[in-house]
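K.L.:
need a 3D model of the following:
(chains A and B)
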Amino acid sequence: MGTKRQGRYTVMFEKPPIIRSYAAIVGEKESEGPLGAYFDTVCEDPMMGQDSWEAAEGQLQYTAVLKALDKAFLRPEDIDYLFAGDLLGQTIATSFGVMELQIPHFGLYGACSTMGESLSLASMAIDGGFASRVVAVTSSHFASAEKQFRYPLGYGNQRSLASTWTVTGSGALVLENAEECSEQAAKKCVRVHGITTGKIMDYGIKDSQNMGACMAPAAALVIASHLKDMNRKPEDYDRIITGDLGTVGQKILFELMREEGYDIEGSHMDCGIEIFDHETQDTHAGGSGCGCSAVTLCSYVMHQMEIGEWKRVLFVPTGALLSKISFNEGLSIPGIAHGVVLEKDG
Amino acid sequence: MNKKEYQDYVEQVTPKVNGWLSFLKAFVSGGIICVIGQCLYNWFKSQGMMHTLANNYTTLILILISVLLTGFNLVGPITKFAGAGYLVPITGFANSVASCAIEFKREGQVFGIGSQIFNIAGPVILYGIVTSWFFGLIYWILMSIGMV
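P.N.:
Here you go, the predicted model:
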């Protein structure tokens, strides 16, 4: 094994790829949330000018990738690989959304952790020398997720207090081999320094309205393993950012981390808790979906890093691995998380 | 924590709705819907309709209102408060059918609307019929032995 591996779960890159550009596109409700000012584009039409929710989500991804490319003055032809995924069955939003870009494509599914998964693989592709410029993108759409996993939109079911609200949005990042750009430019950029890949964790929770509880053990495993592998403390990070645990999952995460001997309360942030104001937006435990961590990363998190407020963060999107079939068959809901270390030099 | 301890802990930290308050809200809002139904029935009767016909018209009007509310996306805000108070009367049934029809329209008349329209109402219809058959059987047995 090469020297890049650190412990059981972590890989630190020899040539950490830089994040050349990024874009976040969201729906109206997200734009009205606390992070509203940080997003690139707000789509007031939830159908995105399409004729189905699925196509609308695909359009979100397409627009996000184009926006990210645009910000870096790049064209689709300049990209070696596209790492993309979403929540829908057979990831149709991705397939139909990014098809037109004609970029060599890896379709991914990591439930709501897909942003971490795509970033991990994208970074490995660059550090391994297999690509010099790649794009990682994910999305979710409230309506397409409700249709697939829950009830028709017009149906009057009551949501449980622990449930989360699927974010309508897509986040895309352009990653580049640092040698591709000038030293000056590279210095200003945020880099992906390493990744900690989680494994599937199942504590037997069956309540699909309480996904925070399904995913918290997976997040705890990744964070604790990362700290052990790297021999670091939570204080070594300006933020440890989980994807969509929500208020219930966050509470559980703190408890699980305490058991592991770590207190992360001071440095923890959850994208699902940040993106909505649950008091005024009626979202209950927080936001969720692939888009939740993706748009938060591609807006607020990247902004905080670029202005130098945060120098090093551990970004850990979390996913609940269920389908309507597995749920109806009475199976539990396992979780997964993918850790990515982002650092700003200087 | 092992699995069992974890599940107990999750149970402990997961917020729960106040059951009694939900019952009260459902009772009041369900009651209001019934009062509306009764008013309609009385009005139809006053227009000279027979009992059965007035009954049918009352049901139809309630269904129509619920379907329209579904189309205008207003049922969610109502059931947020009313819960089962709205869903148990015929208004809930109408909402479940109309919402499925709207949601799956894009998938076509046959595999979309046709196969999915009773997605939520289907189990209610099936088990409603099974239950009525079962109680009919009990009724028949009691009748045969002369108890009723």
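K.L.:
need the contact list for residue A:236.
P.N.:
When contacts are counted by Cβ atoms under 8 Å, 6 or more residues apart in numbering or on different chains, residue A:236 touches residue A:312. No exception for glycine: its C-beta is placed from N, CA and C like everyone else's.
K.L.:
my bad, should have said residue A:327
P.N.:
Residue A:327 touches A:206, A:208, A:333, counting by Cβ under 8 Å, 6+ apart.
K.L.:
among those, which one has the most neighbours?
P.N.:
residue A:333 (23 neighbours; other Cβ atoms under 10 Å in any protein chain shown).
K.L.:
would you map out the domains in chain B?
P.N.:
Structural domains annotated on chain B: B:18-117, B:121-148, as defined by automatic domain parsing.
K.L.:
model confidence over the lengthiest helix in chain B, on average?
P.N.:
Looking across chain B with DSSP state H, the single longest helix is helix B:19-46. Mean pLDDT, taken over the full extent of helix B:19-46, equals 97.
K.L.:
next helix or strand past it?
P.N.:
Downstream of helix B:19-46, the next assigned helix or strand under DSSP states H and E is helix B:51-71.
K.L.:
now tell me what touches that next one from outside.
P.N.:
Under the criterion Cβ under 8 Å, 6+ apart, residues A:154, B:33, B:36-37, B:40-41, B:44-45, B:49, B:75, B:78, B:89-95, B:97-99, B:102 lie in contact with helix B:51-71.
K.L.:
residues of it that come out buried?
P.N.:
Residues of helix B:51-71 classed as buried: B:54, B:55, B:57, B:58, B:59, B:61, B:62, B:63, B:66, B:67, B:69, B:70 (neighbour count, 16 or more other Cβ atoms under 10 Å in any protein chain shown).
K.L.:
looking at those residues, which is nearest chain A?
P.N.:
Lowest distance from chain A to the buried residues of helix B:51-71 (Cβ to the nearest Cβ) belongs to residue B:70, with 4.6 Å.
K.L.:
next one: the closest one from residue A:33, what distance?
P.N.:
27 Å (Cβ to Cβ, to the nearest Å).
K.L.:
with residue A:72 instead?
P.N.:
Distance, residue A:72 to residue A:33, using Cβ to Cβ: 27 Å.
K.L.:
which of the domains of chain B is buried the deepest?
P.N.:
For these, the largest average neighbour count (mean count of other Cβ atoms under 10 Å in any protein chain shown) is found in domain B:18-117, namely a mean of 16.
K.L.:
what's the end-to-end length of it?
P.N.:
Distance between the two ends of domain B:18-117: 32 Å, counting by Cα to Cα, to the nearest Å.
K.L.:
likewise stretch A:264-281?
P.N.:
For stretch A:264-281, the end-to-end distance is 27 Å (Cα to Cα).
K.L.:
swap in stretch B:70-81?
P.N.:
With Cα to Cα applied, stretch B:70-81 spans 16 Å between its terminal residues.
K.L.:
do stretch A:327-337 as well
P.N.:
For stretch A:327-337, the first-to-last residue distance is 20 Å (Cα to Cα).
K.L.:
what are the buried residues along it?
P.N.:
Buried-residue list, stretch A:327-337, by 16+ other Cβ under 10 Å: A:332, A:333, A:334, A:335, A:336, A:337.
K.L.:
quick one: it to chain centroid distance?
P.N.:
Relative to its chain's centre, stretch A:327-337 lies at 20 Å (Cα atoms, centre = their mean, to the nearest Å).
K.L.:
what residues of the lowest-mean-pLDDT helix or strand in chain A count as buried?
P.N.:
Sorted by mean pLDDT, DSSP states H and E, the helices and strands of chain A end with helix A:183-188, the least confident at a mean of 75. Neighbour counts over helix A:183-188 (16+ other Cβ under 10 Å) mark residue A:186 as buried.
K.L.:
can you tell me what sits against that helix?
P.N.:
Taking Cβ under 8 Å, 6+ apart as the rule, helix A:183-188 contacts A:18, A:178, A:306, A:345, A:346.
K.L.:
let's see 10 Å
P.N.:
Outside helix A:183-188, the residues that touch it by Cβ atoms under 10 Å, 6 or more residues apart in numbering or on different chains are A:16, A:18, A:20, A:176-182, A:306, A:308, A:344-346.
K.L.:
among these, name the ones in strands.
P.N.:
The strands, defined by DSSP state E, take in A:18, A:20, A:176, A:344 from the contacts of helix A:183-188.
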